[in-house]
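Visitor: Attaching a predicted model along with its sequence, questions to come.
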Amino acid sequence: MTEEPYDSMFTSDFAGWVRAEVARQDELVALGKVAMTAKGPVEYARIGEGPVVLAVHGGPGGFDQGLLLFEWVTKAGFSLIAPSRPGYLGTPVSSGKSPAEQADLYAALLDTLGIDKVAIICGSAGGASSYEFAIRYPERVTALVAADAVVSQYLMPANAGPVAQALFLSGPGEQLVSYFTKHFPKQTMHEFLQQESVLRPEQIDTQVEAALKDPHQVRLLLRFSRSLSEYSKRSAGVDNDIDGLAKLNDLPVDKIRCPVFIIHGTHDSDVLLYHGVYAWENIPGAEKLWVREGSHLCAWISPQVHETQAKILSFLKQHA
């Protein structure tokens with residue numbers, strides 16, 4: 001990945017590096033705007049130049065998560081459009097509750113922006129609507145990249161108990177996580193990997209120690225944490241996802257005809273590897289990458305993150 005101009009401060013002035021990174025996040029988040037489409041209001045932002053990639057966030061999330069976690073795609077010559085799915089931030093739930101309705105909303109957004117075709121990159125709970133978009137609008141999708149993405153029934157994982165929900169699915173919890181991420185990234189990264197994987201404690205320790213030496217992974221940790229903030233503005237989307245995805249049947253992904261690249265962590269405890277396997281086995285010609293000892297965050301934090309992201313960019317350059 002291309003180094004950020006402030007990365008030279010990473011080891012010499014970590015507090016200054018964090019301030020510079022937060023300033024960059026502020027610049028990106030300030031780009032959000034609302035488009036009035038035929039299917040309802042949609043909050044979104046756009047950055048970069050080149051072929052368009054639609055970045056579909058997970059949950060909790062919003063357009064900010066799409067921008068913050070996928071900005072690195074723009075440095076390879078792509079334009080990134082990141083919408084907030086219904087119920088998240090500035091997009092009301094009424095704009096589309098089901099994955100199919102959300103897919104129609106993406107199409108309406110592209111119509112409003114005058115964009116004919118896009119590649120899609122998605123993660124986690126954003127997978128269902130992204131697969132639906134490729135099924136429903138085959139002529140508008142050049143390629144699809146799905147990272148630890150939902151494609152079938154999704155139920156809250158067993159380790160998402162009261163403590164985890166208090167930390168990650170509440171306003172006070174998110175404020176605490178945000179503070180710890182900036183000042184004690186080791187503890188925060190350890191907590192995220194513990195909640196999002198079935199890795200053994202020693203495996204988590206090894207991954208955390210390696211990640212803390214890499215400004216790219218620490219940056220993505222900070223950005224992921226920020227994209228969970230202001231939970232009250234995201235809770236309607238979370239509730240809608242939890243309710244709707246629990247009722248989801250296996251999506252008919254065998255109808256997808258665009259090139260598809262599926263990435264999934266072997267140790268993901270949130271969206272189980274079954275989702276990736278099902279999509280890979282049923283989408284004609286789909287490519288796969290099972291990230292060894294990868295958590296739910298394996299496309300952003302893992303020992304193989306640079307290799308994984310390089311393969312994503314190579315796939316997009318070939319097909320988008």
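Guide: Alright, I've got the coordinates. Small disclaimer: the values here were computed from a predicted structure and weren't measured.
Visitor: which residues in the protein form strands?
Guide: Assigned by DSSP state E, the strands in the chain fall at 33-37, 40-48, 52-56, 79-83, 118-124, 141-149, 260-265, 287-291.
Visitor: Could I get the average pLDDT for the last one?
Guide: Yep, that's strand 287-291 we're talking about. The predicted model assigns strand 287-291 a mean pLDDT of 98.
Visitor: Could you double-check that Leu222 lies in contact with Glu21?
Guide: Yes: when contacts are counted by CB atoms under 8 Å, Leu222 is listed as touching Glu21 (5.8 Å). Every C-beta, even on glycine, is put in place using the N, C-alpha and C of the backbone.
Visitor: Just send the strands of the chain back as CSV, with distance to Leu105 and mean neighbour count too.
Guide: Converted to CSV, these look like this (distance: least, CB to CB, whole Å; neighbours: other CB atoms under 10 Å):
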stretch, distance to Leu105, mean neighbour count
strand 33-37, 7, 15
strand 40-48, 6, 21
strand 52-56, 11, 27
strand 79-83, 8, 24
strand 118-124, 14, 27
strand 141-149, 15, 27
strand 260-265, 21, 26
strand 287-291, 28, 18
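Visitor: Now tabulate those strands in a markdown table and tack on distance to Ser94.
Guide: Formatted as a markdown table, the strands of the chain follow (distance: least, CB to CB, whole Å):
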| stretch | distance to Ser94 |
| --- | --- |
| strand 33-37 | 12 |
| strand 40-48 | 6 |
| strand 52-56 | 19 |
| strand 79-83 | 15 |
| strand 118-124 | 22 |
| strand 141-149 | 25 |
| strand 260-265 | 30 |
| strand 287-291 | 36 |
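Visitor: list the contacts for the residue of the chain most remote from its centre?
Guide: Residue farthest from the centre of the chain, counting by CA atoms, centre = their mean, is Ser12 at 30.2 Å. Going by CB atoms under 8 Å, 6 or more residues apart in numbering, Ser12 touches no other residue.
Visitor: same deal with Ser84?
Guide: By CB under 8 Å, 6+ apart, the residues touching Ser84 are 32, 42-44, 57, 61-63, 90-91, 237.
Visitor: Any of these buried? List them.
Guide: Among these, the ones that count as buried by 16 or more other CB atoms under 10 Å are 32, 42-44, 57, 61-63, 90-91, 237.
Visitor: Where helices are concerned, which of those residues count?
Guide: 63, 237 (DSSP state H).
Visitor: Distance check, Gly77 against Ala320.
Guide: 10 Å (CB to CB, to the nearest Å).
Visitor: Same check on Lys247?
Guide: Using CB to CB, we find Lys247 at a distance of 32 Å from Ala320.
Visitor: Look at those two and report which has more neighbours.
Guide: Ranked by neighbour count (other CB atoms under 10 Å), Lys247 and Ala320 place Ala320 first, with 25 against 9.
Visitor: Can you give the contact residues for stretch 304-320?
Guide: Stretch 304-320 has contacts (CB under 8 Å, 6+ apart) with 1, 51, 53, 72-73, 76-78, 119, 121, 142-143, 145, 214, 216-217, 220, 258-259, 261, 263, 287, 289, 291-292, 294, 298-299, 302.
Visitor: Equivalent analysis for stretch 129-139, please.
Guide: 54, 56, 85, 99-100, 102-104, 106-107, 117, 120, 122, 140-141, 144, 146, 149, 151, 251-253, 255-258, 260, 279.
Visitor: JSON lines please, covering the buried ones among the contacts of Ser84 and showing pLDDT and distance to Met189.
Guide: Below are the buried ones among the contacts of Ser84 laid out as JSON lines (pLDDT from 0 to 100; distance: CB to CB, whole Å):
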{"residue": "Gly32", "pLDDT": "98", "distance to Met189": "27"}
{"residue": "Val42", "pLDDT": "98", "distance to Met189": "32"}
{"residue": "Glu43", "pLDDT": "98", "distance to Met189": "29"}
{"residue": "Tyr44", "pLDDT": "98", "distance to Met189": "29"}
{"residue": "His57", "pLDDT": "98", "distance to Met189": "20"}
{"residue": "Gly61", "pLDDT": "96", "distance to Met189": "19"}
{"residue": "Gly62", "pLDDT": "98", "distance to Met189": "22"}
{"residue": "Phe63", "pLDDT": "98", "distance to Met189": "24"}
{"residue": "Gly90", "pLDDT": "97", "distance to Met189": "29"}
{"residue": "Thr91", "pLDDT": "98", "distance to Met189": "29"}
{"residue": "Gly237", "pLDDT": "97", "distance to Met189": "25"}
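Visitor: got a list of what Ala286 touches?
Guide: Shown in contact with Ala286 (CB under 8 Å, 6+ apart): 260-262, 279-280.
Visitor: ignore the last one, Pro51
Guide: Listed by CB under 8 Å, 6+ apart, the contact set of Pro51 reads 77-79, 119, 142, 316, 320.
Visitor: any idea which of these is the one closest to Ser8?
Guide: Distance to Ser8, by CB to CB, is smallest for Gly77 among the contacts of Pro51, at 24.7 Å.
Visitor: quick one, phi psi at that closest one?
Guide: phi 100, psi 30 (degrees, to the nearest 10).
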